[in-house]
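In: the sequence and its predicted three-dimensional model are supplied below.
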Amino acid sequence: MRWKPRHCVRLPPCPAYDVEGTESWLESMAAEGWQLSEDGFVLGWAVFQRSEPVRLRCRLAAAPESTSMWSEGGGLPSREILELGEADGWRYVANRGEFYIFVSQREDAREMDTDPRVQALALELVRRRLRAGLIQTLVWMAVYPLLQIQGNVLLLAIDMGSGLFSLFLLLVLWALANSVAQLLHLRRLERRLRAGEPLKHRRDWRRRARLHQGQRAVFWGLALLCVVLVGCRWSDSVMEADRQPLEGWNRPLPFATLESVTEEGTFVPQEMGSLGNWIEVKQDWLAPEVISLRQCGRGFLPGGQALDGALYVDYCQARTPWLARMLAREWQRQDWWENRRRTQPLDLPGLGVDWAAAYQAYFPTVILVEDNRVIRITFLSFSEENPSVEVWAELFAEAFVAAGEKS
């Protein structure tokens, strides 16, 4: 005797807010010998149990309160709703979205809601809850993140990787678009009910089934890919995979270092905790070359002036000059936001670059832009005898411009 499974799972062919499509689909599954089990819908999948093929009537009733398991009633219908349904011959099975699912095998079972206008009122409550949820989602997925990064979208994209950032942004916009589509669908359905038009309980759900299932498969596939990429990115960050010791680095750099501006043979590197002496080189579609350098040491400038401190350099070769200027503005805004009570603008001499800005928070910082290249330089001074900001800004600007001319 051939073994037959007692349960099966199916990916719904229509979204949770498609009341008519869901009812029609559940009825067709019952006609094939599969009735929705009490487990209902789990992670978007419907769980069915085997039965004899039967003509089953299914109805989705708009829930007057949230169906979340964290709500006061645990997402279940009240005793009053259950008793009213049983009195009319309907049995509660499970929830889907913001709707209770009732079934009945009785052909003479009285409709739970006979007046379309009453159904419209119940549907309006659902729509209001979903609209409030959309606003909350918009705040937490769009407005709040933008405030957290102070609007520095380009910095975040380069730091995350433009591919991962674009994928994450696509998923956020997709989720928001689905929420908007849900509200619009329910709004149209509500208008039909208010006009006295009854629901079409046997609507054709097959016409758009493949499109809906394909969209869900693509969305969750992209979501899984996003999780994997975030995990890889996080592990690389923890392991500092791109970071290398500055000692022994022999490739030319498109900017000056403490060692290159001091007299040959006078520079002595120092290790001072997290300041370190390291370099990190990355690539991205928005920025083919991204370099971060941290260097600490002492030496003598040409002419004998002492130099003792640490150098922070962030360099980026952007795709276009516009992106370079935008990145410079975001670096400036980021530093101001983090040290807004201490930041003061500094005057600079003519440096021969397209754009320059200087300011001081804890330590002086200079940002230079030349064509599609941008650099942020912060010098941490450990001695009062160190050169002024104007002096070392000119030294680094000269090297920055020269590197651009060579490339």
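Out: The structure has been received and is ready for your questions.
In: tell me how far the one helix or strand in the chain whose mean pLDDT sits lowest is from the chain's mean position?
Out: Lowest by mean pLDDT, DSSP states H and E among the helices and strands of the chain is helix 144-148, with a mean of 75. With Cα atoms, centre = their mean, to the nearest Å as the basis, helix 144-148 stands 11 Å off its chain's centre.
In: next secondary structure after that helix?
Out: helix 153-160 (DSSP states H and E).
In: what does that following helix contact?
Out: 146, 149, 165-166, 168, 233, 284, 286-287, 290, 316, 323, 326-327, 330-331, 334 (Cβ atoms under 8 Å, 6 or more residues apart in numbering). Every C-beta, even on glycine, is put in place using the N, C-alpha and C of the backbone.
In: narrow those to those that are buried.
Out: Neighbour counting over the contacts of helix 153-160 (16 or more other Cβ atoms under 10 Å) leaves 165, 168, 284, 286-287, 290, 316, 323, 326-327, 330-331, 334 as the buried ones.
In: could you export the residues you listed as TSV, including secondary structure, distance to residue 265 and pLDDT?
Out: Compiled in TSV, these are given as follows (DSSP: H, G, I helix; E, B strand; the rest coil; distance: Cβ to Cβ, whole Å; pLDDT from 0 to 100):
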residue	secondary structure	distance to residue 265	pLDDT
165	helix	45	92
168	helix	49	91
284	coil	37	91
286	coil	40	93
287	coil	35	94
290	strand	31	95
316	strand	32	96
323	helix	39	95
326	helix	41	95
327	helix	36	95
330	helix	39	93
331	helix	34	93
334	helix	37	89
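In: with distance to residue 137 added, can I get the residues you listed in TSV?
Out: Formatted as TSV, the entries for the buried ones among the contacts of helix 153-160 read as follows, by distance: Cβ to Cβ, whole Å:
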residue	distance to residue 137
165	19
168	15
284	29
286	27
287	31
290	32
316	33
323	30
326	28
327	30
330	26
331	31
334	27
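In: out of those, which two sit at the greatest distance?
Out: 168 and 331 (22.1 Å; Cβ to Cβ).
In: contacting residues for the residue nearest the centre of the chain?
Out: Central residue of the chain (Cα atoms, centre = their mean): residue 168, 4.3 Å from the mean position. Taking Cβ under 8 Å, 6+ apart, we find residue 168 in contact with 160, 226.
In: surely residue 51 and residue 35 touch.
Out: Yes: between residue 51 and residue 35 a contact is recorded at 4.8 Å, counting by Cβ atoms under 8 Å.
In: so which of the two has more stuff around it?
Out: Remark: of residue 51 and residue 35, residue 35 carries more neighbours, 20 against 15, as counted by other Cβ atoms under 10 Å.
In: for the more buried one, give me the pLDDT.
Out: Looking at residue 35, its pLDDT stands at 94.
In: who's in contact with it?
Out: 29, 48-49, 51, 54, 56, 103.
In: closest to residue 276 out of the residues you listed?
Out: Of the contacts of residue 35, the one sitting nearest to residue 276 (Cβ to Cβ) turns out to be residue 48, at 60.1 Å.
In: and for that closest one, the neighbour number?
Out: 21.
In: could you measure it against residue 374, distance?
Out: Shown here: residue 48 relative to residue 374, a distance of 59 Å by Cβ to Cβ, to the nearest Å.
In: check residue 367 too.
Out: From residue 367 to residue 374 the distance is 7 Å (Cβ to Cβ).
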